[in-house]
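Visitor: structural data only, the sequence is not supplied:
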């Protein structure tokens, strides 16, 4: 049974401890600024593998031969769609990273040796991947069209077929627009987990935890009292990151603050619960910080998809990424910043985060001590 008076007193005690500890405030507010500027100005990456959707409005053998050529390429994992609307829905939901639209008169124009227009729609949330997709698809299209036209009419077809390309969500193909939103996941992983576990472990070292345990506080009250202050600090840091990204670095923010807070709150719930769990098991600051770095910061840094394309990882490693909430949170961030409030995608990703959060929350409450 939660008593509001006891819980409020414990939260107030945690707030006093936070504001009396300069290192906690530095981790909460100064570290995010340093990291977001590093990601915004000092980091650029290349991707190697993408999922490509092909909308074959023309089902002729000529159009299908081009699809088969793309599907056989090591640069693409082609996915077949029967119409443009379904392909664009797959692009919006994140099922593919680009869509190549083959119109219904494609084969007719190719066989006539005239212009055979096609359109390439590229998801610009990841600017590096978008640029690679555009270059590879253009080259593959030109090579196939030239070969096909030579087979049909003995013509040099490099200039006979026109490929129209358009990058959506991130037209300027700026890597900053991809990296800066994703860096928020890394910042919150550090604040939520590292800060929480270190501060609570410090109480064990200083002996102040004994005084808390002498009170009639229950496990759930203890868990919430330890988690809520650092949850709010992390949320403030997330809003700070969003403001710097939008107004200092010029990253577009096409979604709503409500969606941003919704996704960030779900991720912070997992991060702070993990921090409380670590501090309950490891009562030494050095040990707690090492466990937090190994179990939260580094995996979220490497396996979230911010720095390294998940589709380019080995299959076994791709499966492991599903265990870390940052994988889902990064998708939410890039969607909110680049595309807007796509609630069907956001709710699916946040649902996965919530499942992981329930597991950490149950474990943290079970491990929260009530006696020395």
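Guide: Perfect, I can see it now. Just so it is clear, the structure is predicted and the values come from calculations on it, not from any experiment.
Visitor: which parts of the stretch 51-200 of the chain are strands?
Guide: Secondary structure of the stretch 51-200 of the chain (DSSP state E, counting those that start in this stretch): strands at 76-81, 98-102, 118-123, 163-168.
Visitor: who does the third one touch, helix- and strand-wise?
Guide: Read it as strand 118-123. Where contact means 3 or more CB pairs under 8 Å, 6 or more residues apart in numbering; DSSP states H and E, strand 118-123 is packed against helix 84-92, strand 98-102, helix 127-153, strand 163-168. Just so you know, the C-beta spots here come from the backbone N, C-alpha and C atoms, and that holds for glycine as well.
Visitor: kindly report the same for the second one.
Guide: Counting by 3+ CB pairs under 8 Å, 6+ apart, the packing neighbours recorded for strand 98-102 are strand 50-56, helix 61-71, helix 84-92, strand 118-123, helix 127-153.
Visitor: separation between the residue most central in space within the chain and residue 281?
Guide: With distances taken as CA atoms, centre = their mean, the residue of the chain nearest its centroid is residue 330 (1.2 Å). Look at residue 330 and residue 281: by CB to CB, to the nearest Å, they are 27 Å apart.
Visitor: re the thing from before, quick one: closest of the helices and strands packed on strand 98-102 to residue 351.
Guide: When those are compared by CB to CB, helix 84-92 sits nearest residue 351, at 17.7 Å.
Visitor: ok, residue 351 - how many residues close by?
Guide: By other CB atoms under 10 Å, 11 other residues sit near residue 351.
Visitor: closest one to residue 107 among the helices and strands packed on strand 98-102?
Guide: Nearest of the helices and strands packed on strand 98-102 (CB to CB): helix 61-71, 3.7 Å.
Visitor: low-confidence ranges, the stretch 251-372 of the chain, go.
Guide: Scanning the stretch 251-372 of the chain with the threshold set as pLDDT under 70 gives 369-372.
Visitor: could you redo the last one with a cut-off of 90?
Guide: Counting by pLDDT under 90, the stretch 251-372 of the chain has low-confidence residues at 251-252, 272-321, 323-324, 326-327, 334, 338-340, 360-372.
Visitor: which ones are touching residue 60?
Guide: 106, 107 (CB atoms under 8 Å, 6 or more residues apart in numbering).
Visitor: how close does it sit to residue 67?
Guide: From residue 60 to residue 67 the distance is 11 Å (CB to CB).
Visitor: and what of residue 132?
Guide: 20 Å.
Visitor: what of residue 59?
Guide: 10 Å.
Visitor: of those two, who's got more company?
Guide: With neighbours defined as other CB under 10 Å, residue 59 and residue 67 compare such that residue 67 has more, 19 against 12.
Visitor: dump the residue contacts of that one.
Guide: Applying CB under 8 Å, 6+ apart, the residues contacting residue 67 are 54, 56, 78, 80, 102.
Visitor: among those, name the buried ones.
Guide: By neighbour count, with 16 or more other CB atoms under 10 Å, the contacts of residue 67 hold 54, 56, 78, 102 as buried.
Visitor: how about those residues, which pair is most distant?
Guide: The farthest-apart pair in the buried ones among the contacts of residue 67, when distances are taken by CB to CB, is 78 and 102, at 11.8 Å.
Visitor: report the set of residues contacting both of these two.
Guide: 54, 67.
Visitor: helices or strands next to the strand or helix carrying residue 291 in the packing?
Guide: Assigned by DSSP states H and E, residue 291 belongs to helix 285-292. If contacts are counted by 3+ CB pairs under 8 Å, 6+ apart, helix 285-292 sits against helix 196-206, helix 257-281.
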